[in-house]
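K.L.:
attaching a predicted model along with its sequence, questions to come.
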Amino acid sequence: MIQSHHLNNKRKRLEPKETLCTFCQKEHSKNMDKNYFCPIFQLKDRTNLLVYRSVQFNKLHIGIPRCEGCQAIHDSSYFYGLTLSILITAILGGLFYLQYGIYVIFYLVFGPAFILVLGPQFFANIFTKQKNILNKKEGAKKDLLVIEMLRNGWSLTQPNA
Ligand SMILES: [Zn+2]
């Protein structure tokens, strides 16, 4: 049984009892919905720690305590990351078109998807670092419950079906 979190069955998430913000280690979380809920996926069924034996999940959200300040930084960093990614996609598209004309089609097939999938979080992590707080993944990896679940065959990335 997990002592550090409380299961919210309806929302399929484990809500933290701790309130000290994992990301800045200074402020406290005052609102459950401002916490960061990290998705975690079951890869292999070898979980001995079984969180709640009566309920079977292959995907759960684990709450990481987060203050409002850090939530705002995470959200705005993601927004800037997304904006920057869209700009880069457009500028590269323009350059390709000027250079290769109609062959810009080859860029359009892979380029935008690649940049728009990986770009926003990549840049968001850089912006978050500049504010001297942990990014979402770094924070999640410090959480004892997340660490325990990763050891027991769970993953932070969605398995390919
Ligand atoms: Zn914080």
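P.N.:
Nice, I can see it. A quick note: this is a predicted structure, and the numbers were derived from the prediction, not measured.

K.L.:
could you use CA atoms for every contact and neighbour count after this?
P.N.:
OK.

K.L.:
domain map for this structure?
P.N.:
What automatic domain parsing lists as the domains of the chain is 5-68+136-155, 72-130.

K.L.:
of all the ones you listed, which one is nearest the ion?
P.N.:
The ion lies closest to domain 5-68+136-155 among these, at 4.1 Å (CA to the ion).

K.L.:
check which helices and strands whichever strand or helix holds Tyr80 sits against.
P.N.:
Using DSSP states H and E, Tyr80 sits within helix 68-100. On a contact count with 3 or more CA pairs under 8 Å, 6 or more residues apart in numbering; DSSP states H and E, helix 68-100 meets helix 104-130.

K.L.:
what mean pLDDT does the helix it packs on have?
P.N.:
The pLDDT scores in helix 104-130 average 92.

K.L.:
may I see the buried residues of the helix or strand that that helix is followed by?
P.N.:
Toward the C-terminal end, the helix or strand that comes next after helix 104-130 (DSSP H and E) is helix 136-142. For helix 136-142, burial by neighbour count (16 or more other CA atoms under 10 Å) applies to 136, 139-140.

K.L.:
helix 136-142 vs the ion: in contact?
P.N.:
No - Helix 136-142 stays clear of the ion (CA under 5 Å from the ion), getting no nearer than 10.3 Å.

K.L.:
who does that helix touch, helix- and strand-wise?
P.N.:
With contacts taken as 3+ CA pairs under 8 Å, 6+ apart, helix 136-142 sits against strand 36-42.

K.L.:
quick one: the strand it packs on to helix 68-100, angle?
P.N.:
Relative orientation of strand 36-42 versus helix 68-100 (axes from the mean of the first three to the mean of the last three CA atoms, to 10 degrees): 70 degrees.
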